[in-house]
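# Structural data only, the sequence is not supplied:
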Ligand SMILES: *[C@@H]1O[C@H](CO)[C@@H](O)[C@H](O)[C@H]1NC(C)=O
Ligand SMILES: *[C@@H]1O[C@H](CO)[C@@H](O)[C@H](O)[C@H]1NC(C)=O
Ligand SMILES: *[C@@H]1O[C@H](CO)[C@@H](O)[C@H](O)[C@H]1NC(C)=O
């Protein structure tokens with residue numbers, strides 16, 4: 001999908017994450033010595049030296065919202081307007097069949113009413129889902145802004161449509177509970193006159209903690225003046241201690257620079273990455289914006305969703321889960337159900353997700369759909385995806401599995417040294433004792449699971465390996 005976009009469209013997206021975090025817990029922010037604060041030079045070499053604020057590495061789960069005028073036709077995808085340019089495409093056909101001949105894309109805007117939008121309901125749902133940050137499209141390719149941009153007169157959600165500052169309303173509702181993000185995208189962007197003034201307005205007025213940029217494939221980072229903006233963000237912005245940015249800052253930059261990498265849409269490499277990254281994917285497999293003709297088979301199942309999350313976190317990533325709200329300001333019940341089920345799952349299994357780090361193995365060599373994480377006491381802000389080193393204290397290792405073995409026996413290759421060192425095995429969501437195991441030849445361990453009916457979890461389960469003594473053990 002992204003490649004298609006690169007070739008065809010001349011646009012720029014900028015997504016911003018507005019995030020409110022517990023500033024009393026300084027551990028989550030970049031610690032700064034006020035006497036001698038590092039100032040970043042506007043070049044990648046220096047910008048790449050910035051430590052990753054810990055809150056982002058610990059958060060693991062975010063919600064992405066694609067919302068805008070494209071939510072009115074809610075057909076095809078959020079690229080509705082662009083796709084309409086193709087006179088033989090399905091969007092043009094849809095328009096000629098259902099709308100008067102002179103109907104323009106702009107005519108959809110007054111129909112974007114968001115009349116049922118209750119930001120507290122959104123915030124409550126995302127909190128129940130176990131998300132720690134929320135990303136909202138503040139501006140997509142159509143140029144319509146969900147905040148009163150001073151450079152988008154009569155083409156923003158305050159002047160037309162909902163007549164509300166949606167960025168502000170959602171931002172205030174998620175405050176204290178979640179990190180809030182904005183996504184935005186420009187049709188014709190001029191770095192000096194439009195893009196940076198809009199971004200600086202967003203950063204100053206809403207104080208986000210993530211700036212999620214997109215549409216960078218149009219031009220080089222030097223055209224966007226990306227390094228200058230980032231140096232301002234890191235040195236002088238009101239969110240300089242907690243802000244994190246992604247990697248879409250110009251041709252050739254994705255997967256190379258940024259606090260975290262998105263690389264491509266739905267990037268999920270299945271291997272440990274040596275830089276913090278994020279898997280942005282969507283519950284409706286076919287679109288980021290809401291589609292009225294979505295079918296249940298288009299929606300990720302709970303197992304698929306958990307598979308994404310578990311493999312992503314195990315390899316050092318965060319999961320950014322997209323849903324498209326409707327033009328009325330609601331979230332489709334099928335998405336709501338997935339998110340609530342995710343929250344239930346995380347209540348039981350989340351201790352191996354939030355605040356975890358990659359372990360020395362990601363997926364088990366014998367049983368490849370079993371994914372490991374660990375919890376270690378030290379946070380390495382310069383290398384947050386590093387596996388535990390000799391000097392690290394590991395307090396638990398987690399193994400997530402998505403298929404319950406019919407024999408109730410789970411065989412692992414990479415947990416053998418743990419049990420040989422007398423680490424004990426628990427099951428999250430199971431009230432019983434430590435699990436029994438047997439060492440097998442060829443360095444495998446067979447773990448006896450309790451009956452499935454005794455475990456309070458569905459679709460994916462978690463073993464927890466704990467050191468033999470209550471004091472932490474050095475690996
Ligand atoms: C469409 O617009 C043209 C030019 O403004 C006008 O002549 C025509 O009558 C319009 N057609 C309809 C169906 O409104
Ligand atoms: C996982 O276990 C296999 C089999 O014992 C072993 O060959 C492999 O090196 C282990 N992987 C890691 C990363 O330790
Ligand atoms: C580990 O996961 C990757 C990515 O999903 C897969 O290609 C590989 O086969 C898995 N390893 C094993 C041993 O199954």
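Yes, it's here. Small disclaimer: the values here were computed from a predicted structure and weren't measured. Ligands and ions are numbered 1, 2, ... in the order given.

# Could you pull out the helices in the stretch 51-200 of the chain for me?
Here the stretch 51-200 of the chain has its helices, by DSSP state H, counting those that start in this stretch, at 54-59, 80-84, 90-98, 119-128, 166-174, 196-206.

# With mean pLDDT added, can I get the ones you listed in JSON lines?
Listed next are the helices of the stretch 51-200 of the chain as JSON lines, based on pLDDT from 0 to 100:
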{"stretch": "helix 54-59", "mean pLDDT": "95"}
{"stretch": "helix 80-84", "mean pLDDT": "94"}
{"stretch": "helix 90-98", "mean pLDDT": "97"}
{"stretch": "helix 119-128", "mean pLDDT": "95"}
{"stretch": "helix 166-174", "mean pLDDT": "91"}
{"stretch": "helix 196-206", "mean pLDDT": "87"}
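
# Tabulate the ones you listed (JSON lines), appending distance to residue 463 and mean neighbour count.
All C-beta atoms are positioned from the backbone trio N, CA, C, and that covers glycine. Listed next are the helices of the stretch 51-200 of the chain as JSON lines, based on distance: least, C-beta to C-beta, whole Å; neighbours: other C-beta atoms under 10 Å:
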{"stretch": "helix 54-59", "distance to residue 463": "22", "mean neighbour count": "22"}
{"stretch": "helix 80-84", "distance to residue 463": "46", "mean neighbour count": "21"}
{"stretch": "helix 90-98", "distance to residue 463": "47", "mean neighbour count": "14"}
{"stretch": "helix 119-128", "distance to residue 463": "26", "mean neighbour count": "18"}
{"stretch": "helix 166-174", "distance to residue 463": "33", "mean neighbour count": "24"}
{"stretch": "helix 196-206", "distance to residue 463": "42", "mean neighbour count": "19"}
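
# which one of those helices lies closest to residue 378?
Evaluated over the helices of the stretch 51-200 of the chain, closeness to residue 378 peaks at helix 54-59, with 10.9 Å, by C-beta to C-beta.

# how near is the residue in the chain sticking out farthest from the centre to residue 448?
The outermost residue of the chain, judged against the average C-alpha position, is residue 441 (41.1 Å), by C-alpha atoms, centre = their mean. Remark: distance between residue 441 and residue 448 (C-beta to C-beta, to the nearest Å) = 18 Å.

# State the number of residues packed around the residue of the stretch 351-475 of the chain found nearest ligand 3.
The stretch 351-475 of the chain approaches ligand 3 most closely through residue 368 (1.8 Å), counting by C-beta to the nearest ligand atom. Using other C-beta atoms under 10 Å, the number of residues around residue 368 comes to 11.

# check contacts around it.
Counting by C-beta atoms under 8 Å, 6 or more residues apart in numbering, residue 368 touches no other residue.

# Would you map out the domains in this protein?
What automatic domain parsing lists as the domains of the chain is 2-352, 370-474.

# coming back round to it: can you tell me how far the residue of the stretch 351-475 of the chain closest to ligand 3 is from ligand 1?
Distance, residue 368 to ligand 1, by C-beta to the nearest ligand atom, to the nearest Å: 60 Å.

# How about the secondary structure of that residue?
coil (DSSP: H, G, I helix; E, B strand; the rest coil).

# residue contacts, the residue in the stretch 201-350 of the chain positioned nearest to ligand 1?
Proximity to ligand 1, evaluated over the stretch 201-350 of the chain using C-beta to the nearest ligand atom, is greatest for residue 327 at 24.0 Å. Listed by C-beta under 8 Å, 6+ apart, the contact set of residue 327 reads 71-72, 74, 111-114, 290.

# The nearest residue to residue 404 once chain neighbours are set aside: how many residues sit nearby?
Nearest residue to residue 404, sequence neighbours excluded (C-beta to C-beta, 6 or more residues apart in numbering): residue 452, at 5.6 Å. Using other C-beta under 10 Å, residue 452 has 13 other residues around it.

# that older thread, deepest of the domains of the chain, which one?
domain 2-352 (a mean of 20; mean count of other C-beta atoms under 10 Å).

# quick one: that domain near ligand 2?
No - Domain 2-352 lies apart from ligand 2 when judged by C-beta under 6 Å from any ligand atom; the minimum separation is 9.3 Å.

# follow-up on the earlier one: ok, of the domains of the chain, where does mean pLDDT dip lowest?
Least confident of the domains of the chain, judged by mean pLDDT, is domain 2-352 with a mean of 86.

# quick one: it near ligand 3?
Yes - using C-beta under 6 Å from any ligand atom, domain 2-352 reaches ligand 3 at residue 270.

# Return the distance of that domain from the chain's centre.
Relative to the centre of its chain, domain 2-352 is centred 9 Å away, using C-alpha atoms, centre = their mean, to the nearest Å.

# contacting residues around residue 284?
Contacts of residue 284 by C-beta under 8 Å, 6+ apart are 290-291, 294, 298-299, 323-324, 335.
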